[in-house]
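Undergrad: following is a predicted model, sequence given first.
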Amino acid sequence: MSKNITVYTTNACAYCMMVKKYLDSKGQSYNVINLDEQPDQREKVEAISGVKSVPVTVIETENAEPSVTVGWNPNKLSAALAA
Amino acid sequence: MSDINPLVIVGAGPSALAAAVYTCREDIDTTLYEKGVIGGLAAITDQVDNYPGFAEGIEGLKLAEQLQAQAERFGAKIEFGDVQSITDAGDHKILKIDGNDVLAKVVLIATGSDYKKIGVPGEAEYFGRGVHYCATCDGPFYRDKKLVVVGGGNSAIQEALYLTRFTSHIDLLVRSTIKASEVLQHDLDKAVSDGKITVHLNTTTDEIVATDNVVNKVLATKDGEKTEIETDGVFVFVGLLPNTQFLADSKIELDEQGFIKTDGKLQTTMPGVFASGDVRSGATMQIASAVGEGATAALNIREYLEK
C-alpha cells in the first residue's frame, strides 16, 4: 500500500540523518521539512508530535491513522512501514 | 549453525569506525552494529575544533559522515542492530542482536557513552517537551526563547554557546566550577560579556517545573539558598554514562562507574573481546583519543587473529 512519508529535520541533526538513511535503505521515498529553513513549521510539528524535538517521522497510509515516530526508533519505523 | 564472522564491532562511533578502517585494510571482514547514531556523540556535536587535521574545525555530523565513508570505502559493513549480550563460546563469541545469534571470532566493543540524566523531578516527565539532551536537534525550537543549560564541562559550554544562536538568553547552572578548556572558557566569557549567557556557579538543579504542561522554571539551590530561574526549556549536559548496560550479566569486568576494564592490549577480561574509545575505563573522552584507541585495538585484533 502506498505511503506518504514526511521527515521533520534540522540542519545538524544526526538522528534525522539516521532516519533518512534508514528510509533510504528500505527504498522509501519521503518529503523532508527542515525546520532551520522553514521555521514556520515548528508549531505544526510540535502539534503533531507533542514534543519540541526532531526527527519526527509521519507515515500516512490510506484509510489509517498516520503513524508518528519521534526520534530515531528503527523498530517503530519498521512497524509503521509494514502496517 | 551460522557462519563465524572474523570481527564484529559493537557501535559505530569514531573509535569503531577508525578500527574498521584498519581491520578492513587488513582484509579482516568487519561488521559494525549500531543501535543509535553512526558517529556517536561526535555526530550530535555542533562543531569539533580539537580534532587534528581540520584547521578551521569541522561540524560533528560532517566528521561522522567522513569517518563512515572512509570505513565503507574499505569494505566495512554497518548494520542497524541492538546488541543485547555477548557470551563466550570458547573459540568464538555469541552476540544476541535484536533476538538473533550472531557469531564472531573477535569482538570489539566501542559503544561509547551517552549524556547522564540529572535525576530531578520533572526531567523525565518533560523529556522532549522542555527537557533536552541534543542541542543540534532541538535548539531551533527555542528561537528567541530563554533557556537553562545544566553543566560546566566542555560539552555544556560548547552546546550552550551553540544555543546562543537561537535563544534570547541562557542561564548556565554549574554545580561547582567551570571545567572546560581555556578556548571554550574564553568564548564563554565573551558570551557572558555580550549578555547572552549568565553563569551560576555552585548551583544545583533541584526541579524542572511546568505550568499546564509547559516548562516555565527551574528550582535550584545557589550557595545554599533556594532560587527560581524562569525558562522556556532546559538542556542537560552533565557528564557521560558508558553504554555497557548490555554487559551487566556478562563475564566482561567493568569498573565502579560501569566502564570496561582492559589490559595493555585493550583486551577485556573475556579473551577475544576488546574495547576502545569512551566506553573503556581510563578513556579521556576525546574523539582524537577514541580514534587512536580504535586503531590500536585493530592492530591488536589482527595479532590475536593471527595466533
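TA: Great, that's in hand. Model, not experiment: these values are computed from the prediction. Numbering: from 1, shown residues only, chains lettered A, B, ... in the order given.
Undergrad: so the most far-flung residue of chain A relative to its centre, which of the three states?
TA: Using C-alpha atoms, centre = their mean, the residue of chain A lying farthest from its centre is A:N63. It sits 18.9 Å away. In three-state terms, and counting by DSSP: H, G, I helix; E, B strand; the rest coil, A:N63 is coil.
Undergrad: so where is the stretch 51-200 of chain B shaky, pLDDT-wise?
TA: Applying pLDDT under 70 to the stretch 51-200 of chain B flags no residue at all.
Undergrad: chain A contacts on that one?
TA: On the criterion C-beta under 8 Å from any C-beta of the partner chain, chain A has as its neighbours in the stretch 51-200 of chain B the residues B:59-61, B:64-65, B:80, B:128-130, B:132, B:134, B:136-143. Where you see a C-beta, it was placed from the backbone N, CA and C, and this is true even at glycine.
Undergrad: from the stretch 151-300 of chain B, which residue is nearest to chain A?
TA: Among the residues of the stretch 151-300 of chain B, B:G233 lies nearest to chain A; the distance is 6.9 Å by C-beta to the nearest C-beta.
Undergrad: pull the contacting residues for that residue.
TA: Contacts here follow C-beta atoms under 8 Å, 6 or more residues apart in numbering or on different chains; on that basis B:G233 touches A:K52, B:G130, B:V131, B:H132, B:D138, B:F141, B:Y142, B:K145, B:L147, B:V148, B:V215.
Undergrad: rerun that using 10 Å as the cut-off
TA: Shown here is B:G233, whose contacts under the criterion C-beta atoms under 10 Å, 6 or more residues apart in numbering or on different chains are A:52, B:126, B:129-132, B:138-139, B:141-142, B:145-149, B:163, B:167, B:208, B:214-216, B:218.
Undergrad: what do you get for B:L108?
TA: By C-beta under 10 Å, 6+ apart, the residues touching B:L108 are B:7-11, B:15-16, B:19-20, B:23, B:30, B:32, B:266, B:268, B:273-277, B:294, B:297-298, B:300-301.
Undergrad: also A:I59?
TA: Under the criterion of C-beta under 10 Å, 6+ apart, the contact list for A:I59 reads A:3-7, A:23, A:28, A:30, A:66-69, A:76-77, A:79-81, A:83.
Undergrad: pLDDT score for it?
TA: On pLDDT, A:I59 comes in at 96.
Undergrad: any idea how far A:V51 is from it?
TA: 17 Å (C-beta to C-beta, to the nearest Å).
Undergrad: which bits of chain A sit near chain B?
TA: Among all residues of chain A, those adjacent to chain B (criterion: C-beta under 10 Å from any C-beta of the partner chain) are A:9-18, A:21-22, A:25, A:34-36, A:39, A:42-43, A:45-46, A:49-55, A:70-72, A:74-75, A:77-78.
Undergrad: which one is the residue nearest to the spatial centre of chain A nearest to, not counting chain neighbours?
TA: The residue at the geometric middle of chain A, judged as the C-alpha nearest the mean C-alpha position with C-alpha atoms, centre = their mean, is A:T57 (1.4 Å). In space, A:T57 comes closest to A:T69 once its chain neighbours are excluded; the distance is 4.4 Å by C-beta to C-beta, 6 or more residues apart in numbering or on different chains.
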